[in-house]
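Novice: Next one to model:
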Amino acid sequence: MIDPEVFDRPAMCDALASRDIGRVYALLVDAGVTQREIAFTTGQSQSEVHEILHGRPVKHYDVLERIATGLGVDRGAMGLAYADDQPPATPHEEVDDDMRRRSFLAAAALAVTGRPVLGELLALPAPDEIPLPSRLGTADVTAMEALTSQLRSLARQHGGQADAASTVAHRSTRLLGAPATDPVKRSLGSALAELHTEAGWCCFDSGLHDRAGHHFRQAIDLAREAGDGYQVANTLRHAGMALADRDPNEALKLHQIGQIRLMDADSDDRTRALDAWLNAESAVAYAAMDRADDARSALARARDGWEPPDTFQRADMDYAMGAVAARLGNLDTAEQFTTVALRSYGDCRRDAAKANITHATVHVQTGDRRGLPLAKTTIDQVAELRSIRARQRLTPLAAALDSRPGSDARELAQHARQIATSRA
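Specialist: Residues are numbered from 1 along each chain as shown. Below you'll find the predicted structure:
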């Protein structure tokens, strides 16, 4: 824990008032706080803290808010607004139980009668931050893994979820400051790495590429410190997937580095599955660079000796096969694999959307009479998701619709572009 008296020193007060975060961090280091402690407290990676200490400015309001919250600094000290732009009652006013009770009764009466007749509406300061547990155990790590799984399910169903996943990841990182045995700390670091990877993917799906990169970097740092080669490789896989459309060559490099790192991990079903996925994602990158032979070889390696253990992973693998085939112009093969994938995705609407888009695009490109109805259904489904990534993937479908004769195809193409360029 950082000694609160540090923030009362004149030099620190000046640095906070001018929002000179580099100076704030330097003063903390002078006071004996390590860069690692600063990173964990503020929800940043150590590399970010290092960059800020060496001159990188911090300007974004939400980052300043997060730093203030993490350090336990009063927002007013940094000139930041309070919730609803209302400051606390007074900077140092003592808030007792009676004040809280009267304020709550007034709010309840206001909600029911329209008037605060049972108390007094007070702009009270937020409660103190929830304290860390006195000691962490394996049950805490298990709970975090379950929370990550729930966030993943929510994102698969609706898309997006950047705000929820990012907030949970940053707040959960505070747990590294709680006492625990070394094995529990390592398990916690691995669980946090997986959580930050999921947060990064949710941010990418929401179109927030910088924030996604932040979470991926934090995940790699956490997994490396925990000595977890599997989680390092898993993060590299997701970071590579996030780059696949914009820079397939860089995506390929990340997948290859992930495979190298995976060599140091224990060989089990989990690592074999991840190696297969790294090969599959490499195939997608090769196909995007028109390297057909390399793409086919990578897909063969992905399927060699490994079978997806559940319907969702089977659907994802079938979709990868279909996506590569579509990229390489093998439309009949693409149609077959996306059809199979769609049967398996079930309620995972976000992931089914990508298969639907490829499926509809293939039917439109081949001039199939089912193309336009499939395109309309797909566009309507994507419009209901919070996924910016799914929306952007409508662009090739719009191009395919433009190539078809008739006003119906043109209207659908225009609708697809409207959805593709709109916020979720």
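Novice: make it CA atoms for all contacts and neighbour counts henceforth
Specialist: OK.
Novice: which residues touch the least confident helix or strand in the chain by mean pLDDT?
Specialist: Among the helical and strand segments of the chain, the one scoring lowest on mean pLDDT, DSSP states H and E is helix 10-17, with a mean of 81. Identification of contacts with helix 10-17 by CA atoms under 8 Å, 6 or more residues apart in numbering yields 6, 7, 21, 23, 24, 27, 77, 78, 79.
Novice: Low-confidence ranges, this protein, go.
Specialist: For the chain, the stretches with pLDDT under 70 are 1, 81-94, 123-126, 128-129, 424.
Novice: 50 instead?
Specialist: 83-92 (pLDDT under 50).
Novice: how about residue 155, secondary structure?
Specialist: Each residue gets one of three states, and residue 155 gets helix by DSSP: H, G, I helix; E, B strand; the rest coil.
Novice: what's the neighbour count on it?
Specialist: Other residues lying near residue 155 total 27 when counted by other CA atoms under 10 Å.
Novice: Pull the contacting residues for it.
Specialist: Remark: with contacts taken as CA under 8 Å, 6+ apart, residue 155 is in contact with 161, 202, 350.
Novice: Most neighbours among the residues you listed, which one is it?
Specialist: Scoring the contacts of residue 155 on neighbours with other CA under 10 Å, the highest-scoring entry is residue 202 at 29 neighbours.
Novice: what's the distance between that residue and residue 212?
Specialist: Residue 202 sits at a distance of 8 Å from residue 212 (criterion: CA to CA, to the nearest Å).
Novice: Confirm for me that residue 382 is in contact with residue 393.
Specialist: No - contact between residue 382 and residue 393 fails when scored by CA atoms under 8 Å: they sit 9.5 Å apart.
Novice: Show me which of these two is the more surrounded one.
Specialist: For residue 382 versus residue 393, the count of surrounding residues by other CA under 10 Å is larger for residue 382: 30 against 19.
Novice: Please tabulate the contacts of residue 155 in CSV, including the columns distance to residue 295 and secondary structure.
Specialist: Rendered in CSV, the data for those read as follows (distance: CA to CA, whole Å; DSSP: H, G, I helix; E, B strand; the rest coil):
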residue, distance to residue 295, secondary structure
161, 32, coil
202, 27, helix
350, 25, helix
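Novice: can you give me the strands in the stretch 151-300 of the chain?
Specialist: Counting by DSSP state E, counting those that start in this stretch, the stretch 151-300 of the chain yields no residue ranges for strands.
Novice: contacts for stretch 169-182?
Specialist: So stretch 169-182 is contacted by 1, 37, 40-43, 132-137, 185, 188-189, 192, 195-196, 199 (CA under 8 Å, 6+ apart).
Novice: per the record, what domains does this protein have?
Specialist: What the record gives for the chain is the domain set 4-80, 89-124, 308-424, from automatic domain parsing.
Novice: what ranges do the helices span in the stretch 201-350 of the chain?
Specialist: 209-225, 229-243, 248-262, 269-288, 292-303, 311-327, 331-345, 349-365 (DSSP state H, counting those that start in this stretch).
Novice: got the angle for the first one vs helix 229-243?
Specialist: Comparing the axes of helix 209-225 and helix 229-243 via axes from the mean of the first three to the mean of the last three CA atoms, to 10 degrees yields an angle of 170 degrees.
Novice: List the contacts of helix 209-225.
Specialist: The set of residues that contact helix 209-225 without belonging to it, under CA under 8 Å, 6+ apart, is 44-46, 166, 186, 189-190, 192-197, 199-204, 229, 231-232, 235-236, 239.
Novice: and if you look at the last one?
Specialist: Around helix 349-365, the neighbours that count as contacts under CA under 8 Å, 6+ apart are 155-159, 319, 322-323, 326, 331, 334-335, 338-339, 341-342, 345-346, 369-372, 374-375, 378, 381-382, 385, 387, 390, 393-394, 396-397, 400-401, 403-404.
Novice: and that helix with helix 331-345, angle?
Specialist: Angle of helix 349-365 versus helix 331-345, following the same axes, to 10 degrees, is 150 degrees.
Novice: angle of helix 349-365 against helix 311-327?
Specialist: Using the same axes, to 10 degrees, one finds that helix 349-365 and helix 311-327 are set 30 degrees apart in direction.
Novice: CA atoms only for the helix or strand following helix 349-365, dumped as PDB, please.
Specialist: On the C-terminal side of helix 349-365, the closest following helix or strand by DSSP states H and E is helix 371-383. Taking Å, rounded to 0.1, in the frame of the first residue of the first chain, the C-alpha atoms of helix 371-383 are listed here in PDB:
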ATOM      1  CA  GLY A 371     -28.000 -15.000 -52.000                       C
ATOM      2  CA  LEU A 372     -30.200 -11.900 -51.500                       C
ATOM      3  CA  PRO A 373     -32.500 -13.400 -48.700                       C
ATOM      4  CA  LEU A 374     -29.400 -14.700 -46.900                       C
ATOM      5  CA  ALA A 375     -27.700 -11.300 -47.200                       C
ATOM      6  CA  LYS A 376     -30.800  -9.500 -45.800                       C
ATOM      7  CA  THR A 377     -31.000 -11.900 -42.800                       C
ATOM      8  CA  THR A 378     -27.300 -11.600 -42.100                       C
ATOM      9  CA  ILE A 379     -27.300  -7.800 -42.300                       C
ATOM     10  CA  ASP A 380     -30.300  -7.700 -39.900                       C
ATOM     11  CA  GLN A 381     -28.600 -10.100 -37.500                       C
ATOM     12  CA  VAL A 382     -25.400  -8.000 -37.500                       C
ATOM     13  CA  ALA A 383     -27.300  -4.800 -36.800                       C
END
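Novice: Heading C-terminal from helix 371-383, find the next helix or strand.
Specialist: Read in the C-terminal direction, the helix or strand following helix 371-383 is helix 388-392, with elements assigned using DSSP H and E.
Novice: tell me what that following helix is packed against?
Specialist: Using 3 or more CA pairs under 8 Å, 6 or more residues apart in numbering; DSSP states H and E as the contact criterion, the elements in contact with helix 388-392 are helix 182-205, helix 349-365, helix 371-383, helix 407-420.
Novice: the residue most distant from the middle of this protein, which is it?
Specialist: Checked against the mean C-alpha position of the chain, the extreme residue using CA atoms, centre = their mean is residue 117, at a distance of 44.5 Å.
Novice: Helix, strand, or coil at it?
Specialist: Using three-state DSSP, the three-state assignment for residue 117 comes out as coil.
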